[in-house]
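> Quick one, structure for this:
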Amino acid sequence: MEYKNRMTSVKIPSKKTSWKIFNTIARRYDILNHLLSCGQDIVWRKKMTRFLPQREELFHLDLATGTADVILSFAATGKIKTAIGIDMASKMLHLGRQKIAGYHPENMVTFISADAARIPLKRNCADIVTMAFGIRNLENPYTCLKESYRVLKPRGRLIILEFSLPSNSWIRALYLFYFRHILPVIGGIISGEKQAYLYLNRTVENFPYGAEFISLLQQAGFTHVVACPVSLGIATIYCGNRE
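As a prediction, the model looks like this:
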């Protein structure tokens, strides 16, 4: 079901079909990410790798992989033996394959068109599961967390990067002004798809973060859960273990 933003007549997709809009902005997705975050998205993904387990030759599963930037960041550590990236947006996966082909052997990374809430892999197969800016787009994030727990090996780890809201009221006010009024305009002009960036604003403001998301991770079975805010809290890296 689609709904309209109160301040615009542009239709915003529901979470059930949100993956389709990423196909429409795939060609300019990376450049817009870097531009709209002032390059911080690159820094955040590198910070995710700090939470890697202290082991070698890891099997890495990246959910909502998009154009494979997370896979590339983790592969650069030298700890990844094989990786699988899954996403519903076929055009994003196509760009991901092109990227990987320029950096790594073809047999190191496999891409699968699949739903992060229904992972087509066997139980206890992955050493790490990652997801960057994807879980808030799912209809039921808890189902995705349970699926992540299922496919992780014992001693495996889940690492999630997601937008959050700064705790400082002044910073939060500036951040929300940017998200509500500036980001949709710039994103819409460059991508030609204003609804994609209106959707981004709504999903970020409505998604649980901090202690609330930590609780969701714990309910899914994860232990030693930590939250690491980055860039004054506009995004957070969450990490949890499967015992």
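> contacts and neighbour counts: CA atoms only from here.
Will do.
> quick one, what contacts L36?
Applying CA atoms under 8 Å, 6 or more residues apart in numbering, we find L36 in contact with 183, 187.
> excluding its backbone neighbours, what's nearest the residue positioned nearest the centre of the chain?
Against the mean C-alpha coordinate of the chain, by CA atoms, centre = their mean, the closest residue is A132 at 2.0 Å. With sequence-adjacent residues excluded and distances taken as CA to CA, 6 or more residues apart in numbering, A132 is closest to L161, at 4.5 Å.
> Do I have it right that that neighbour meets I234?
No. If you go by CA atoms under 8 Å, L161 and I234 don't touch, sitting 10.8 Å apart.
> okay, those two: which has more neighbours?
L161 (26 against 18; other CA atoms under 10 Å).
> Can you classify the more buried one by secondary structure?
strand (DSSP: H, G, I helix; E, B strand; the rest coil).
> Over to R118?
Strictly by three-state DSSP, R118 counts as coil.
> how close does it sit to T143?
As judged by CA to CA, to the nearest Å, R118 and T143 stand 8 Å apart.
> packing partners for the host helix or strand of P184?
Using DSSP states H and E, P184 falls within helix 183-191. For helix 183-191, the helices and strands in contact under the criterion 3 or more CA pairs under 8 Å, 6 or more residues apart in numbering; DSSP states H and E are helix 26-36, helix 194-206.
> how far does the helix or strand following the first one sit from the chain's center?
Where DSSP H and E defines the elements, the next helix or strand beyond helix 26-36 is helix 40-48. Using CA atoms, centre = their mean, to the nearest Å, we find the averaged C-alpha position of helix 40-48 to lie 12 Å away from the chain's own average C-alpha position.
> Can you tell me the strand partners of the helix or strand following helix 40-48 and which way each runs?
Once the chain leaves helix 40-48, the next helix or strand it forms, by DSSP H and E, is strand 58-63. According to DSSP bridges, strand 58-63 forms sheet pairs with strand 80-87 (parallel), strand 126-132 (parallel).
> ok, and for the first one, which residues are buried?
It refers to strand 80-87. Across strand 80-87, burial judged by 16 or more other CA atoms under 10 Å covers 80, 82-87.
> what's the angle between the helix or strand that comes right after that strand and strand 80-87?
The first helix or strand that comes after strand 80-87 along the chain, using DSSP H and E, is helix 90-101. Here the directions of helix 90-101 and strand 80-87 differ by 160 degrees (axes from the mean of the first three to the mean of the last three CA atoms, to 10 degrees).
> so how far is the next helix or strand after helix 90-101 from its chain's centroid?
Using DSSP H and E, the next helix or strand after helix 90-101 towards the C-terminus is strand 109-113. Averaging C-alpha positions (CA atoms, centre = their mean) puts strand 109-113 16 Å from its chain's average.
> Run me through the strand neighbours of strand 109-113, direction for each.
Assessed with DSSP bridges, strand 109-113 is paired to strand 80-87 (parallel).
> what residues does the strand it pairs with touch?
Strand 80-87 is contacted by residues 56-66, 68, 71, 74, 93, 107-116 when judged by CA under 8 Å, 6+ apart.
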